[in-house]
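Novice: Fold the stuff below for me.
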Amino acid sequence: MTRIEIAAHGGPEQMVLVEREIPALKPGQLLVRHEAIGINFIDTYNRTGLYPLPLPSGLGKEGAGLVEAVGDGVTRFNIGDRVAYCSGPNGSYASHNVIEADTALLLPTTISSKQAAASMLKGLTVQYLIRQLHPVKAGETVLFHAAAGGVGQIAVQWLKYLGATVIGTVGSEEKAELVKALGCDHVINYRTETVSERVMEITKGAKVPVVYDSVGKATFEDSLDCLAPRGLMVSFGNASGPVEGVNLGILATKGSLMVTRPTLAHFTPNREELEKAGNDLFSVLASGGVKLANPTEYALADAPKAHSDLEARKTQGSLILIP
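Specialist: Reported below is the predicted structural model:
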């Protein structure tokens with residue numbers, strides 16, 4: 001098989017395409033031949049060492065394709081099944097990957113491998129954010145940062161499907177038009193406007209009960225100023241760098257605010273919870289409540305370019321690699 005590996009943490013130049021033998025299957029495992037591979041911000045954190053990996057290492061946690069071999073004890077999958085997965089270990093940036101069968105979901109015929117690779121991690125992230133962590137109710141007004149990103153585009157549509165009023169932030173007028181077309185009620189360009197001031201205007205001073213923030217360092221304090229008393233700040237990413245030096249006392253002075261730093265793994269801790277979340281995602285996709293845009297495609301060998309574009313915020317929506 002061919003796959004991307006890193007021998008040191010650092011920039012995209014550390015990513016090298018190599019050839020490796022396909023590992024032998026252990027009981028409970030599947031061999032998946034990828035048709036598409038998901039690219040996510042967490043992959044850049046692993047590459048840079050923000051979330052360090054034992055080196056050398058593969059990259060990527062998300063992929064979709066065909067089952068080519070089944071390990072002993074696996075009963076729910078057969079050779080030829082179309083599956084997708086979005087959990088470790090790292091190594092999905094490859095033509096093939098060996099995964100634990102319990103981490104895979106069987107794909108409905110209505111979802112292509114490219115769509116699955118572009119949306120499973122992002123879609124399951126949105127599912128736990130708005131359906132489990134803070135179950136959004138019809139009529140609520142919420143703030144979602146990076147609304148034009150892969151997670152944001154799914155979130156805007158799903159939130160509107162639930163009946164919420166959505167305030168989204170973007171970094172350009174082009175992205176503003178995109179999220180408006182997806183149903184975003186109010187769009188704030190964070191490059192030209194102060195987000196908290198606009199939220200105050202939009203909500204007539206009431207602010208919002210929850211902020212979903214994957215940007216991190218650059219938006220953290222201003223996001224707190226968007227929250228109503230006892231509001232919830234959900235910091236689920238670090239696109240601008242990790243949040244540091246937080247003074248917990250400001251949570252009291254700003255209204256007994258709450259802050260959480262969640263991960264998908266804690267909301268899909270077992271097979272039952274993964275299937276429940278996956279079925280919820282597949283259901284909203286099948287209903288048309290969330291429509292998936294065509295992802296931006298890169299060849300597997302061009303993974304360094306994909307990372308460079310992602311980190312430079314040159315992209316919108318989802319990115320995938322094609323082996």
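
Novice: List the buried residues in the lengthiest helix in the chain.
Specialist: Longest helix of the chain, by residue count under DSSP state H: helix 271-287. Judged by neighbour count (16 or more other C-beta atoms under 10 Å), helix 271-287 contains these buried residues: 274, 277, 278, 280, 281, 282, 284, 285. (C-beta placed from N, C-alpha, C; glycine too.)

Novice: List the strands paired with the next helix or strand after it, with their directions.
Specialist: Using DSSP states H and E, the helix or strand that follows helix 271-287 in sequence is strand 296-299. Strand 296-299 has the following sheet partners, assigned by DSSP bridges: strand 319-322 (parallel).

Novice: Spatially, what comes nearest to residue 311 if we skip its sequence neighbours?
Specialist: If the residues on either side of it in the chain are set aside, residue 311 comes closest to residue 44, at 5.8 Å by C-beta to C-beta, 6 or more residues apart in numbering.

Novice: How much space separates the one you found from residue 108?
Specialist: Between residue 44 and residue 108 the distance is 30 Å, computed by C-beta to C-beta, to the nearest Å.

Novice: More neighbours: those two, which one.
Specialist: residue 44 (21 against 13; other C-beta atoms under 10 Å).

Novice: Next up, the contacts around the residue nearest to residue 311.
Specialist: 307, 310, 311 (C-beta atoms under 8 Å, 6 or more residues apart in numbering).

Novice: any idea which of these is the one closest to residue 50?
Specialist: Ranked by distance to residue 50 (C-beta to C-beta), the contacts of residue 44 are led by residue 311 at 11.7 Å.

Novice: and residue 250, how many neighbours?
Specialist: With other C-beta under 10 Å as criterion, residue 250 counts 12.

Novice: Contact partners for it?
Specialist: 221, 224.

Novice: Checking my notes, it in a strand, right?
Specialist: No: applying DSSP: H, G, I helix; E, B strand; the rest coil, one finds residue 250 to be helix, outside a strand.

Novice: how's the protein carved up into domains?
Specialist: Here the domain parsing of the chain from automatic domain parsing is 2-119+270-322, 138-261.

Novice: Let me know the average pLDDT across the first one.
Specialist: Just to be clear, that refers to domain 2-119+270-322. Average pLDDT, domain 2-119+270-322: 94.

Novice: Provide a complete list of residue ranges assigned to helices in the stretch 1-150 of the chain.
Specialist: Ranges of helices in the stretch 1-150 of the chain, per DSSP state H, counting those that start in this stretch, are 41-48, 113-127, 150-161.

Novice: how about these, which one is nearest residue 259?
Specialist: Residue 259 lies closest to helix 113-127 among the helices of the stretch 1-150 of the chain, at 17.8 Å (C-beta to C-beta).

Novice: Name the surrounding residues that touch that closest one.
Specialist: Around helix 113-127, the neighbours that count as contacts under C-beta under 8 Å, 6+ apart are 34-38, 40, 61-65, 82, 84-86, 105, 107, 150-151, 154-155, 158, 236, 264, 268, 277-278, 280-281, 285, 290, 292, 294-295, 297, 317-320.

Novice: Quick check: PyMOL command selecting the buried ones in those.
Specialist: Here is the PyMOL selection string for the buried members of the contacts of helix 113-127, based on 16+ other C-beta under 10 Å:
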select buried, resi 34+35+36+37+38+40+61+62+63+64+65+82+84+85+86+105+107+150+151+154+155+158+236+264+268+277+278+280+281+285+290+292+295+317+318+319+320
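
Novice: Can you pull up the most central residue in this structure?
Specialist: The residue lying closest to the centre of the chain (C-alpha atoms, centre = their mean) is residue 122, at 3.2 Å.

Novice: For the closest residue in space to residue 52 that isn't next to it in sequence, give its distance to residue 292.
Specialist: Excluding the flanking residues, the one nearest residue 52 by C-beta to C-beta, 6+ apart is residue 9, at 6.3 Å. Separation of residue 9 from residue 292 (C-beta to C-beta): 32 Å.

Novice: How about residue 106?
Specialist: From residue 106 across to residue 292, the span is 18 Å (C-beta to C-beta).

Novice: can you check residue 67 too?
Specialist: Noted for residue 67: a distance of 23 Å to residue 292, by C-beta to C-beta.

Novice: Show the average pLDDT along the host helix or strand of residue 197.
Specialist: Secondary structure assignment for residue 197, by DSSP H and E: helix 195-202. Helix 195-202 comes out with an average pLDDT of 97.

Novice: Show me what that helix is packed against.
Specialist: Secondary-structure packing of helix 195-202 (3 or more C-beta pairs under 8 Å, 6 or more residues apart in numbering; DSSP states H and E): strand 141-144, strand 165-170, strand 186-189, helix 220-224.
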